[in-house]
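*Asks:* pasting the sequence and the predicted model now:
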Amino acid sequence: MRTKEQERRNKTRLSDREKKVDTTINGDAELLVEQHKEVERKLFPLRLSKNTVIYVTKDKQNEAYAERARRRMGITEPKKPFVDSLSKENITKLYKEDNIPPRKMAEILNVSVRTVYLRLAKYGLTKVKCR
């Protein structure tokens, strides 16, 4: 059973603000699309975080502007330097200094045992030749 309020709401006309844009009345849609493409041609992507990319002019496409934009938007993503877990320094430290066996190293580094053995041979830490 409908209330009188619901019936009245259904019968009233929508205001102009709530209606969809009619491109035949308000202008040519193709012209508007072309104008917007011209604006976008002058913009370049600038990555703020792994999920956020904004489009800026060429002169603002630098790390200083990106840092200001991160602060303005409240994006706090720590910058972590890329560390290769299979680098010569890391493998040498685990094998020589920490005396961790290759099978345990494979579990720690989340790689296969064969990969660890191949890296040990490549870096000259074992007597086995690398193929």
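*Replies:* Yep, that arrived. Numbers count the residues shown, from 1 in each chain.

*Asks:* middle-most residue in the protein, spatially?
*Replies:* The centroid of the chain falls nearest to Lys50 when counting by CA atoms, centre = their mean (2.4 Å).

*Asks:* three-state assignment of it?
*Replies:* Three-state assignment for Lys50 (DSSP: H, G, I helix; E, B strand; the rest coil): coil.

*Asks:* phi and psi next, for it.
*Replies:* Lys50 has phi and psi values of phi -70, psi -20 when expressed as degrees, to the nearest 10.

*Asks:* repeat for the one 5 residues further on
*Replies:* Here the main-chain torsion angles of Tyr55 (degrees, to the nearest 10) amount to phi -110, psi 130.

*Asks:* any low-confidence regions in this structure?
*Replies:* Scanning the chain with the threshold set as pLDDT under 70 gives 1-2, 4, 6-26, 77-83, 128-131.

*Asks:* residue boundaries of the helices in it?
*Replies:* For the chain, the helices defined by DSSP state H cover 4-11, 23-26, 29-41, 63-73, 88-92, 102-109, 113-122.

*Asks:* about what we covered before: how close does the residue nearest to the centre of the chain get to Ile75?
*Replies:* 10 Å (CB to CB, to the nearest Å). Quick note: C-beta positions are derived from backbone N, CA and C, even for glycine.

*Asks:* measure Glu34 to Leu94 for me?
*Replies:* The spacing between Glu34 and Leu94, counted by CB to CB, is 59 Å.

*Asks:* again with Val111
*Replies:* Taken as CB to CB, the span from Val111 to Leu94 is 12 Å.

*Asks:* all set, thanks.
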